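Enquirer: This is a predicted model, with the sequence first.
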Amino acid sequence: MLTLRKRISEVLEREALDLKEIAKLFGMREREVLDHLKHLEKSSHSQHLIAEPAYCMACGFSFKKRTRLNTPGRCPICKSEQISPPRFKIDLPGKKIKASP
């Protein structure tokens, strides 16, 4: 039987998901998902956790330099709280990934 982190990893190899989607898929809280993603980020030897950055839906600002995995509270430019959450994907070496829309 696969561990929870391994199951999360396998899902993220197939498609990019945000915290809410992962939490709903596995029946857990977003905070728990964050803990698992942090662990996957540190322990992935032959794979890489890629975070598509969050962005402001009001002005389009992209949080490219953000290192934390959770969704920012508000935009530093326009102060809007309408922030699109970051999406996570696992990239396997030698395997091409498709960018999600």
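Expert: Cool, got the structure.

Enquirer: so what's Glu30 up against?
Expert: Neighbouring residues of Glu30 by Cβ atoms under 8 Å, 6 or more residues apart in numbering: Leu19, Lys20, Ala23, Asn70. (C-beta placed from N, C-alpha, C; glycine too.)

Enquirer: Please pick the buried ones from those.
Expert: Leu19, Ala23 (16 or more other Cβ atoms under 10 Å).

Enquirer: Next one: Glu10 from Phe88, what distance?
Expert: 13 Å (Cβ to Cβ, to the nearest Å).

Enquirer: So between the two, which is more surrounded?
Expert: Between Glu10 and Phe88, counted using other Cβ atoms under 10 Å, the more crowded position is Phe88 (24 against 11).

Enquirer: in the sheet, who's paired with the more buried one?
Expert: Beta bridges link Phe88 to Leu17, Ala51 when assigned by DSSP bridges.

Enquirer: quick one, what contacts it?
Expert: Counting by Cβ under 8 Å, 6+ apart, Phe88 has contacts Leu12, Ala16, Leu17, Asp18, Leu19, Ile22, Leu37, Leu49, Ile50, Ala51, Glu52, Leu69.

Enquirer: Likewise for His36?
Expert: By Cβ under 8 Å, 6+ apart, the neighbours of His36 are Leu4, Arg5, Ile8.

Enquirer: Just confirm Met89 contacts Glu52, I think it does.
Expert: Wrong residue type there; residue 89 is Lys, not Met. Yes - contact criterion Cβ atoms under 8 Å: Lys89 and Glu52 qualify, at 7.1 Å.

Enquirer: just the strands in this structure please.
Expert: Secondary structure of the chain by DSSP state E: the strands cover 17-18, 48-52, 55-56, 83-84, 87-91.

Enquirer: Dead centre of this protein: give me the residue that sits there.
Expert: Phe88 (2.8 Å; Cα atoms, centre = their mean).

Enquirer: what's the spacing between that one and Pro76?
Expert: 22 Å.

Enquirer: Same question for Arg31.
Expert: On the measure of Cβ to Cβ, Arg31 and Pro76 end up 24 Å apart.

Enquirer: Format the CA atom coordinates belonging to stretch 63-76 as PDB.
Expert: Presented in PDB, the C-alpha positions along stretch 63-76 are these (Å, rounded to 0.1, in the frame of the first residue of the first chain):
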ATOM      1  CA  PHE A  63       4.400  36.200  -7.000                       C
ATOM      2  CA  LYS A  64       7.400  34.600  -8.800                       C
ATOM      3  CA  LYS A  65       9.900  35.300  -6.100                       C
ATOM      4  CA  ARG A  66       7.700  33.900  -3.300                       C
ATOM      5  CA  THR A  67       9.300  30.800  -1.600                       C
ATOM      6  CA  ARG A  68       6.400  29.900   0.700                       C
ATOM      7  CA  LEU A  69       4.000  27.400  -0.600                       C
ATOM      8  CA  ASN A  70       0.700  28.900   0.700                       C
ATOM      9  CA  THR A  71      -1.400  31.500  -1.000                       C
ATOM     10  CA  PRO A  72      -0.500  35.100  -0.300                       C
ATOM     11  CA  GLY A  73      -3.100  37.200   1.500                       C
ATOM     12  CA  ARG A  74      -3.100  40.300  -0.700                       C
ATOM     13  CA  CYS A  75      -1.300  41.900  -3.600                       C
ATOM     14  CA  PRO A  76       1.600  44.200  -2.800                       C
END
